[in-house]
Structures are given as C-alpha cells and as structure tokens.
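Colleague: Quick one, structure for this:
(chains A and B)
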Protein chains: 2
Amino acid sequence: MDITTQRRVIRATESGWEDVEVEGYRPGAAVGVSRHTIIGQRKSKAEQPGPSQELRYFELQPGAVSRLEKHEHEHFVIVKRGLGYAVIEETLTEIGPNDVVYVAPLELHQFVNRGSEPFGFYCFVSADRDFSQEPTQEEAARIMASPAGKAARPFAVPPSKKNT
Amino acid sequence: MDITTQRRVIRATESGWEDVEVEGYRPGAAVGVSRHTIIGQRKSKAEQPGPSQELRYFELQPGAVSRLEKHEHEHFVIVKRGLGYAVIEETLTEIGPNDVVYVAPLELHQFVNRGSEPFGFYCFVSADRDFSQEPTQEEAARIMASPAGKAARPFAVPPSKKNT
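Modeller: Coordinates of the predicted model:
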C-alpha cells in the first residue's frame, strides 16, 4: 500500500468500516477477538511507502482477552465501547468508553473484557514496529502476584505468529 | 514530559478527560474550537523523551472550522461526535461518528462543523512534526473553485502561532 492507494475517508458502518475486512486477532489464535485494520499496514522498513502509523480496532467478546505481551513500540488506545481492564505491568485499571491508555516501550500489557457486552478499542501503532514478545515465566509470575493478577491471564492467547 | 511522567490511563469525564486542561485551538486564534491534549506533547527532536506521538481531541462548535492548512506530518482522525465535512485537497466528504480520516503529507485539509451540535474528533500526530503552512493565494483559489469549495473557508482562522 502506498499513499495514493490509502483511502482518505473510511466510513463507519453498523458493525465496522466500509471495505475493511474483519480478521481474527491472529489467524488460528485467540477466539473471541476481532481485528479491523482501518488505516495503514505493517512495514518492514520505515522508508516503505504508505502511512507511518497503523490504526486498528479490536473487539473482545465477553470473557475474551488480548495477549499479555511486550514490545518496543508504543500503544495509544482509545476505548470505543464496553468495559475492560487495562493491565500495564503490575497495575490494573478499570476502563470504559472514551478512556485513553498509553503503553510505553517494553511494558507488559493486556486488555481484558470485564463486562457482558463486547469491549472495543482503537489502537494506534507505528507501521514500522517490532514483533511482540511473550512474558518470561518469571515475568508472568510477577504479574500474577501483583494487583494486576486479579485480571491478567498470561497464557490465555497462543504465541504470536509474527504476522501483526 | 518523559515516559515516566506520562500517565498510562487517562479517564474520560463528562466533558473531556481527567486532568487534561481544555485549551483554545491556538491562543488568541479561532473562536469555537477547543483542544484537549490527551497523550504526549510536541517535541523539537524525535530523540527527546516522551511519547513518540501526540493524541489530541478537537471540538468545533456549530459554525466553526479548523484551519485550512498543510504540513509534512500526517493526520489520523477518528470522529467522536457530531457531523462535519472533511476537506482534503479538492474533495469534500461528509463525515460523522466513528468515520476515520487519513490526511497524507502536504495535503491541504480542513474540518468543518456541518451540524447543530459540537463536532468532535480525535487527531493523532507525530510528536516530532513540522509546523503548519498556510495555503498560497493560488492554492486557496484552486480549492474554492473545486467541489471542496462548497464548505472550505480558507481564511476563517488566523495563521498559526507556531505553538501546536
């Protein structure tokens, strides 16, 4: 995708955005998580054509979670609907519509649906970004022994296929 | 602001976000435009500490517009509330809640409230970004002679004070 083929206006529909295919979180991975890639796509080098950032929308069904993971790239999250928890390292925060979350480089993080409706959030990331890292056994134990352990689920989602 | 002082969760309130001061669009400039800087702040060099991107929320009162301008940095916009027009070069698009807009480098653009309620949108930009450029007289005339001329207002907002 280069700048000329990137659409300028992506219209919302009742269930997503026009001409944005709904994907699974990662193929064959988590159940109950859908992903809409609204702007941009992953680059292997920053110099490649196309938007510098990628805007995704994730929706977690009741009971679903994102992967507990860390990476060098930052997350900028805006909650669109529903109720969730943000796990960021050892902190646990209840979040809801219009709350905003910043995840700094290499902070372990996880998003958890804590409600009975879908929990959906926008997530901005750099198009040129590193792949996610699983927590070590020691890190997972540390999170589970902390206040975040109330909601964190370190092994709920299979490891990344390195495709997002 | 460095990474340690950047808050991780910024909670929504009825009228904005906790501990986010509501600013004017630019001091002494446009009337009817409020700005909330939710994450990050402008950097003069990418290497400076703090988030790599800035997340702002702008709200335009009925009749209000953003500045018609262009710059090297990209805009990633999500409409939160209300009804507007996106002017991007010579195109005019009606936008509303959850619609997403991408503005590529150096595209002239303007956001216009076309409704009777506030029109509010998130705007995500690089923290390390260039300053806005006014359209030339020739560019303004070209936009006004195009389909975008129906809503564009090239000189509605005073020139940038180079502070955003």
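Colleague: what number of residues lie near the residue lying closest to A:Glu69 once chain neighbours are set aside?
Modeller: Closest residue in space to A:Glu69, ignoring its immediate chain neighbours: A:Ser132 at 4.1 Å, by C-beta to C-beta, 6 or more residues apart in numbering or on different chains. (C-beta placed from N, C-alpha, C; glycine too.) A:Ser132 has 17 neighbouring residues, counting by other C-beta atoms under 10 Å in any protein chain shown.
Colleague: Next: A:Ser15.
Modeller: With other C-beta under 10 Å as criterion, A:Ser15 counts 9.
Colleague: Ignoring the adjacent residues along the chain, who's closest to A:Tyr25?
Modeller: Using C-beta to C-beta, 6+ apart and skipping residues adjacent in sequence, the residue nearest A:Tyr25 is A:Val33, 3.7 Å away.
Colleague: which residues pair with the one you found across the strands?
Modeller: The partner list for A:Val33 in beta bridges (DSSP bridges) reads A:Leu60.
Colleague: so what's it up against?
Modeller: A:Val33 makes contact with A:Gly24, A:Tyr25, A:Phe58, A:Glu59, A:Leu60, A:Gln61, A:Ala64, A:Val65, A:Ser66, A:Val157 under the criterion C-beta atoms under 8 Å, 6 or more residues apart in numbering or on different chains.
Colleague: so the fifth one touches A:Phe111, yeah?
Modeller: Yes - the pair formed by A:Leu60 and A:Phe111 meets the contact definition of C-beta atoms under 8 Å, at 6.7 Å.
Colleague: list residues touching both of these two?
Modeller: With C-beta under 8 Å, 6+ apart, A:Leu60 and A:Phe111 have common neighbours A:Ser66, A:Gly84, A:Phe119.
Colleague: quick one: contacts for the last one?
Modeller: Contacts of A:Phe119 were listed using C-beta under 8 Å, 6+ apart, and they are A:Glu59, A:Leu60, A:Pro62, A:Ala64, A:Val79, A:Arg81, A:Gly82, A:Leu83, A:Gly84, A:Phe111, A:Val112, A:Asn113.
Colleague: one step back: now, which of the contacts of A:Val33 lie within helices?
Modeller: Assignment to helices by DSSP state H places none of the contacts of A:Val33 there.
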